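> with the sequence up front, the predicted model follows.
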There are 2 protein chains.
Amino acid sequence: MNGATALVSAASDSGIDVCFANPGTTELALVDALDKTRSIRCVLGLFEGVCTGAADGYGRMLGRPAATLLHLGPGFANGIANLHNARRARTPILNLVGDHATWHLPFDAPLTSDIRSLATPVSGYYGYVGEPAACLPRLSEAMRAAWTGCVSTLVIPTDVQESAVAPGLHPPAPSKKINPSFSGESVEAAARAITSRAGSIILLGAGALTAPGQNAAQAIAAATGARVFAETFPSRWDRGASIQTVPRFPYFPEQGLAILKEAPLVLLAGAKAPVAYFGTAGLPSELAPAGTILSFATPLDDAEAAILALAKALGVVATPGRAADLPLMPSLSGRLDPQTMAQTVAALLPDDAIVVVEGATTTPFFFGASLLSRPHTVLTNTGGAIGQGMPVATGAALACPDRPVVNLQADGSGAYTLQSLWTQAREGLNVVTVLCANRAYGILRVEFDRARIDTTSAVADRMTSLDNPPLDWVHLARGFGVPAARANTVSELAEILARALAGKGPFLIEAAMW
Amino acid sequence: MNGATALVSAASDSGIDVCFANPGTTELALVDALDKTRSIRCVLGLFEGVCTGAADGYGRMLGRPAATLLHLGPGFANGIANLHNARRARTPILNLVGDHATWHLPFDAPLTSDIRSLATPVSGYYGYVGEPAACLPRLSEAMRAAWTGCVSTLVIPTDVQESAVAPGLHPPAPSKKINPSFSGESVEAAARAITSRAGSIILLGAGALTAPGQNAAQAIAAATGARVFAETFPSRWDRGASIQTVPRFPYFPEQGLAILKEAPLVLLAGAKAPVAYFGTAGLPSELAPAGTILSFATPLDDAEAAILALAKALGVVATPGRAADLPLMPSLSGRLDPQTMAQTVAALLPDDAIVVVEGATTTPFFFGASLLSRPHTVLTNTGGAIGQGMPVATGAALACPDRPVVNLQADGSGAYTLQSLWTQAREGLNVVTVLCANRAYGILRVEFDRARIDTTSAVADRMTSLDNPPLDWVHLARGFGVPAARANTVSELAEILARALAGKGPFLIEAAMW
């Protein structure tokens, strides 16, 4: 058995069943091992950012790591932005990166680079497999880290991939999530604090943004006079009918400060303490008043169990949210704009859909419009690196073939990793992309306005306009093998979306708003 | 004057006249400064790899740095692959990267990352502008490094961009290339060595791959019994009629070893010592026999002047190459394949064209077919990071609006940074992309064959096939606003290419070879 086969077999034994790959010459032995092992499904991406983002979507939905296969430093570099998002989402991922043979590395051949320096900012674990005997120990370490919610990166030189590895040296690698738990003492402290201070804020992180977690949190809030919010960019969030409604903590710091300024207590259940997304002169970075934070479940704990334990400690009983009560469909003769687009998607959302949101212009409207949509799971851009939506939708659809995926996308962010569409077509994934085509970097214009910079001036306008030439998303999607159509009105959007959701495989709708 | 304006003004004074930009919220003050200064042309890219690759193409053609404007760590990360290539090309570039305010950085907001760790592998100079007084000193250091042929990266927090900077603290920044030279002693040593050892090899790097450099090198070879080669992946290479023909040093190590094995002397003029592109078991990394290397001009020296001095020392007189003697056009009724595609481009190449080569399947044929094409400049993929061709073609066309640019591209590599097409359309650049659409990662299949791995097995085939679904490049180009057509035969390619070259603005030809 060579090193590549040993690594692939051990990865498979450790729970890896999918590999999002864009290999090159330094990964040939790994491809060969994947071919011979046959226990890991290989999915090709035309760009590495597709692979890493798909692994993020896959891991978020299933709670277990996918692998990626990337080509040396430059291939890894193309995947960094979506690994940044995955790191923020605490998604388990195993990156396998080929490198030059150990004996070839000193000669600085063209593709040589400092992979460690590139990888460490986005990797909770980084390992270099410098000799055959290190294959299985490093893999075991990498999987252990991954199963705790980390991006793990293993760099494997070609000579190590090709060298014989003695069997029987297989240290046990974990094959399931390493038990997250919570502290009973923290729960007791939280119970004491919240009952003594009315007007508290409970901030839920992804771990608590389940149906039981939100139902319990709202019961606690009702009993104690607290208010519940979801963190602004959760890695996943179950929502909709039958689940208690929880508002999203706002993106802009002024709004967040207004919510928190009178709070005597900010209870964190799986969320980090709220921090301004960007620093704004004159406003604090930390949004909660000093001394008010009490974290009774960290993002690495089992926040759902912690909030259920808190409810129990307080003697409150959770109730489900309102039953299916579909949100209002906007007037079919109305103007297609970000709000009516979001309302149309919310009204037509099928049961158990996965909604991947990236478009900054439509997302806030969607959160408001979908409170009583059919139950669904939202995946957000956790790290702010643009180009997350299409790849994450790809990986989520592969992870959950029986759940429809809707990708609320925009033209600016969509253009980053549009190669994802090809993988969606190749794998026949049920992803319907609804793309807000406003032909502008809309959120950037908002930020210019907030900074009181004139966006009609030449450079600022030119840096935020996408209208010359216009992007034609129907052409772009078809170019990657995805059927597509343009909707110019609410009525057209509703008709095309219903048809796309009823069909199989990917579809893209360009919602024209220019 | 705030920090942003001070930096932009000083960059302009130091020779920056173009900025390839994809800014975000942490670059607002820099955009505002670019707006107010108006001495730097701002060109928007839809993806940061377009910006950094365009800066590489610009710098290679003009020998002076362009700036990029990138959004924190994730934005920079998207540009790393093409900065890797630029570093290998020794292209001067100034990256300006916004970051969180210094006082906001400790709070680990979503977009926070270790930019230094990401940047240093591709940056000859890295500077963090931690306070307003550091703006101009850091800019001066960055420009000094850039003008010696480096990628320089400056990270500027938002509060520093917005803070007042006292005038008069402007340390002199260089505004032209820092004098490369060569050592007369090295030339004398080279003269002695080459005259005493017949059968030597002269390897020319980009600095010597000019008309005078190659004409002198061939005169030296004729007088001394040496043979001349061009390095395999030069950053630029002037070629064609009226220039002495110089063959390209081969890509595969077996071929390189065969050339060098009997050489008593390998004279380097602006080239690095030849090293195998990838390590192959049983073959050495260093291709020249031990003790045969003599470098008389490093890649940082003025290699053209050094080779002219060597010719003078040897008393040989350079003669130009054969006059315009257009290469044979392949039979119009012949089959369209990588060879006939390359021959057609070579035959129709206009005078003074810039040819950006990336497609690994067609490039070797082009080098062979274009020896007597009209004089042209070739830019190659210096670092092996895929996705270089379209961005470099974009930057080269912007640098040289009066020279036609032909981008020999392929479907696999083209899919990495196809967003470049939009910038080509937006800026009206004269880039004709001729794309070899073989619906496969052809070079990877060759490497699989070399490694004796069966590419018809399931995974290897799936990792190298791009045929399901097929990419439709006519749709993709039109989606980005670039007119396009498909050529199915040599005759169609010749007709469409001639028409595209006669027109203005970008055009894409999908050369169908599936």
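Right, received. Where do you want to start? Numbering: from 1, shown residues only, chains lettered A, B, ... in the order given.
> got the phi/psi numbers for the closest residue to A:Arg335 other than its chain neighbours?
Among residues not flanking A:Arg335 along the chain, A:Val490 sits closest, at 7.4 Å (C-beta to C-beta, 6 or more residues apart in numbering or on different chains). C-beta coordinates here come from the backbone N, C-alpha and C atoms, glycine included. A:Val490 adopts backbone torsions of phi -60, psi -40, taken as degrees, to the nearest 10.
> thought A:Val490 was touching A:Thr344?
Yes: the criterion here is C-beta atoms under 8 Å, and A:Val490 meets it with A:Thr344 at 6.0 Å.
> need the overlap of contacts for those two.
Common contacts of A:Val490 and A:Thr344, defined by C-beta atoms under 8 Å, 6 or more residues apart in numbering or on different chains, comprise A:Pro330.
> who's more crowded, the two?
A:Thr344 (27 against 22; other C-beta atoms under 10 Å in any protein chain shown).
> where does the more buried one land in three-state SS?
helix (DSSP: H, G, I helix; E, B strand; the rest coil).
> that one: what's it in contact with?
Residues in contact with A:Thr344 (C-beta under 8 Å, 6+ apart) are A:329-330, A:490, A:493-494, A:497.
> got the residues of the stretch 351-500 of chain A near chain B?
When proximity is defined as C-beta under 8 Å from any C-beta of the partner chain, the stretch 351-500 of chain A approaches chain B at A:382-387, A:412, A:415-416, A:418-419, A:422, A:425-426, A:444, A:447-448, A:451, A:453, A:457-460, A:462-463, A:466, A:468-481.
> show me those residues that map onto helices.
A:412, A:422, A:425-426, A:444, A:447-448, A:458-460, A:462-463, A:473-479 (DSSP state H).
> on that earlier part again, out of the contacts of A:Thr344, who's the most crowded?
Most neighbours among the contacts of A:Thr344, by other C-beta under 10 Å: A:Leu493, with 27 neighbours.
> surely that one and A:Ile509 touch.
Yes: the pair A:Leu493 / A:Ile509 is scored as a contact, 6.7 Å apart, by C-beta under 8 Å.
> which residues are in contact with each of those two?
A:434, A:487.
> ok, then the element right after the host helix or strand of A:Leu398?
Under the criterion of DSSP states H and E, A:Leu398 resides in helix A:389-399. Moving toward the C-terminus from helix A:389-399, the next helix or strand (DSSP H and E) is strand A:405-410.
> that following strand vs helix A:389-399, what angle?
Angle, strand A:405-410 to helix A:389-399, by axes from the mean of the first three to the mean of the last three C-alpha atoms, to 10 degrees: 180 degrees.
> who's in contact with strand A:405-410?
Outside of strand A:405-410, the residues within contact range by C-beta under 8 Å, 6+ apart are A:342, A:345, A:349, A:353-363, A:366, A:389-390, A:393, A:396-397, A:429-438, A:442, A:501.
> can you give me the strands in the stretch 301-450 of chain A?
For the stretch 301-450 of chain A, the strands defined by DSSP state E, counting those that start in this stretch cover A:353-357, A:376-379, A:405-410, A:431-437.
> mind putting these in TSV, distance to B:Ser140, mean pLDDT and mean neighbour count included?
Conversion of the strands of the stretch 301-450 of chain A to TSV gives the following (distance: least, C-beta to C-beta, whole Å; pLDDT from 0 to 100; neighbours: other C-beta atoms under 10 Å in any protein chain shown):
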stretch	distance to B:Ser140	mean pLDDT	mean neighbour count
strand A:353-357	44	98	26
strand A:376-379	45	98	25
strand A:405-410	40	97	28
strand A:431-437	44	97	29
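> could I get those as CSV with distance to A:Arg88?
Below are those laid out as CSV (distance: least, C-beta to C-beta, whole Å):
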stretch, distance to A:Arg88
strand A:353-357, 15
strand A:376-379, 12
strand A:405-410, 19
strand A:431-437, 22
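> what about stretch A:21-32, distance to the chain center?
Here stretch A:21-32 is found 26 Å from its chain centre; the criterion is C-alpha atoms, centre = their mean, to the nearest Å.
> what does that stretch rub up against?
With C-beta under 8 Å, 6+ apart, stretch A:21-32 has contacts from A:2-4, A:7-8, A:34, A:42-48, A:50-51, A:68-72, A:75, A:96, A:98-100, A:111, A:156-158, A:161-162, B:278, B:444, B:447-448, B:451, B:453, B:459-460, B:463.
> in helices, which of those residues appear?
Per DSSP H, the contacts of stretch A:21-32 map to helices at A:3-4, A:7-8, A:34, A:48, A:50-51, A:72, A:75, A:158, A:161-162, B:444, B:447-448, B:459-460, B:463.
> among those residues, name the buried ones.
A:3-4, A:7-8, A:34, A:48, A:50-51, A:72, A:75, A:158, A:161-162, B:444, B:447-448, B:459-460, B:463 (16 or more other C-beta atoms under 10 Å in any protein chain shown).
> okay, now the domains of chain A?
Annotated domains of chain A cover A:3-162, A:184-314, A:338-512 [automatic domain parsing].
> between those, which gets nearest to B:Ile80?
Closest to B:Ile80 of the domains of chain A is domain A:3-162 (C-beta to C-beta; 3.7 Å).
> ends of that closest one, what's the gap?
6 Å (C-alpha to C-alpha, to the nearest Å).
> what is the rounded mean pLDDT of that domain?
The pLDDT scores in domain A:3-162 average 97.
> next one: stretch A:238-257
So the average pLDDT for stretch A:238-257 ends up being 96.
> hang on, the earlier thing: mind putting the contacts of A:Thr344 into a markdown table with distance to B:Leu28 and pLDDT?
Shown next, in a markdown table, are the contacts of A:Thr344 (distance: C-beta to C-beta, whole Å; pLDDT from 0 to 100):
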| residue | distance to B:Leu28 | pLDDT |
| --- | --- | --- |
| A:Met329 | 38 | 89 |
| A:Pro330 | 34 | 91 |
| A:Val490 | 34 | 97 |
| A:Leu493 | 33 | 98 |
| A:Ala494 | 37 | 97 |
| A:Leu497 | 35 | 98 |
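> pLDDT below threshold where in the stretch 151-300 of chain A?
Counting by pLDDT under 70, the stretch 151-300 of chain A has low-confidence residues at A:168-172.
> show me what from it comes close to chain B.
By C-beta under 8 Å from any C-beta, the residues of the stretch 151-300 of chain A that approach chain B are A:158-159, A:162, A:233, A:272, A:275-279, A:281, A:285-286.
> max pairwise distance over those residues: which two?
Checking those with C-beta to C-beta, the most distant pair is A:Glu162 and A:Ala281, at 56.3 Å.
> which residue packs closest to the residue of the stretch 201-350 of chain A found nearest chain B, ignoring adjacent ones?
Distances between the stretch 201-350 of chain A and chain B by C-beta to the nearest C-beta are smallest at A:Gly279, namely 2.9 Å. Among residues not flanking A:Gly279 along the chain, B:His104 sits closest, at 2.9 Å (C-beta to C-beta, 6+ apart).
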